[in-house]
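From the sequence below, what's the structure:
(chains A, B, C and D)
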There are 2 protein chains.
Amino acid sequence: MESFQNTQPIYLQIMNLIKKQIATSVFNPGQLLESVRELAMIYQVNPNTVQRALSELEREGLVRSERTVGRYITKDEAAIAQLHQNLVDEATSTYINNVLELHLSPEEIITTVKNRLKGDNT
Amino acid sequence: MESFQNTQPIYLQIMNLIKKQIATSVFNPGQLLESVRELAMIYQVNPNTVQRALSELEREGLVRSERTVGRYITKDEAAIAQLHQNLVDEATSTYINNVLELHLSPEEIITTVKNRLKGDNT
DNA sequence: ATTATTGTATTAGGTGCTTAATACAGTAAT
DNA sequence: ATTACTGTATTAAGCACCTAATACAATAAT
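Below you'll find the predicted structure:
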């Protein structure tokens, strides 16, 4: 049960979602993933779209497929730690670039983040 | 002369680009904008794509078109200030949500941002 | 052996985005 | 008046993404 934006390909959004779940141990190393058809039901999308997302994740080495059994999350915990770090770094870089382009000073950026964390505005 | 991602519609990327330029006074209030055909040359895209982006910006009240003269940036400086604030808020919300989902604590978020600002990693 | 599940592949159709090629009406300058 | 520029509109084509409907080979459980 997930909803997706229409401004970005769904298969990319699913990839990012699963990456986050791997990086935060929602899926544990070596764990068997839900089947393509199950995930398609959960996400309310076509099985082909899930297949596309998982194939890309496999190409990146984060999951591997056992042809008639299912898909497993990688056991490589170092790779998972690296994934987590990359996701944090990428998000941070994107954000800092954005607000620098909006002419915020480093001090203003810090206070902006602090204020948002205080207010807990989700 | 701009390059765009292929994961998001170009007209949306152009909208965001122009919004930033309005919010940071690259374009001043009331200023005449480059023509559709000029912008298409600059961005290396089809005039129709620029037209689409500018139409949406007009719908949001940020530019207005003088039918056979050109397009003007809004004179409403309060609206521009509001635009700037909205862009900052939206970027910050998106970022905080992202890193919270990655299980970073508020303290870790602050130090991550500070470190990135120190390192000046663009 | 049969049944249900797995990943994978194929075909067809629909939609949105982008490009290309024109065209038109109105303004400004010569 | 002519010329060159505006925004705007239309048509056709191509492409990526998504869906729907199947199908197949291999595994696991009964």
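
in chain A, which residue is closest to the centre?
Closest to where the C-alpha atoms of chain A average out (CA atoms, centre = their mean) is A:Asn16, at 2.7 Å.

quick one: pLDDT of that one?
Turning to A:Asn16, the model gives it a pLDDT of 98.

can you check A:Ile10 too?
A:Ile10 is given a pLDDT of 98.

looking at it, it is touching A:Leu17, isn't it?
No: in this structure, A:Ile10 is not within contact of A:Leu17 by CB atoms under 8 Å, at 10.2 Å. Backbone N, C-alpha and C define where each C-beta goes, glycine included.

Give me the distance between the residue nearest to the centre of chain A and A:Thr24.
Counting by CB to CB, to the nearest Å, the separation of A:Asn16 from A:Thr24 is 12 Å.

before we move on, the earlier item: among A:Ile10 and A:Leu17, which residue is more densely surrounded?
The neighbour count for A:Ile10 versus A:Leu17, taken as other CB atoms under 10 Å in any protein chain shown, is higher for A:Ile10 (19 against 16).

Can you report how many residues lie near the nearest residue to A:Ile10 once chain neighbours are set aside?
In this structure, A:Ile10 finds its nearest non-sequential neighbour in A:Phe4, 5.0 Å apart by CB to CB, 6 or more residues apart in numbering or on different chains. By other CB under 10 Å, the residues close to A:Phe4 number 17.

is it fair to say A:Phe4 lies in a strand?
No: under DSSP: H, G, I helix; E, B strand; the rest coil, A:Phe4 falls outside any strand and is assigned coil.

Now for it: which residues touch it?
For A:Phe4, the contact set (CB atoms under 8 Å, 6 or more residues apart in numbering or on different chains) comprises A:10, A:13-14, A:43, A:45.
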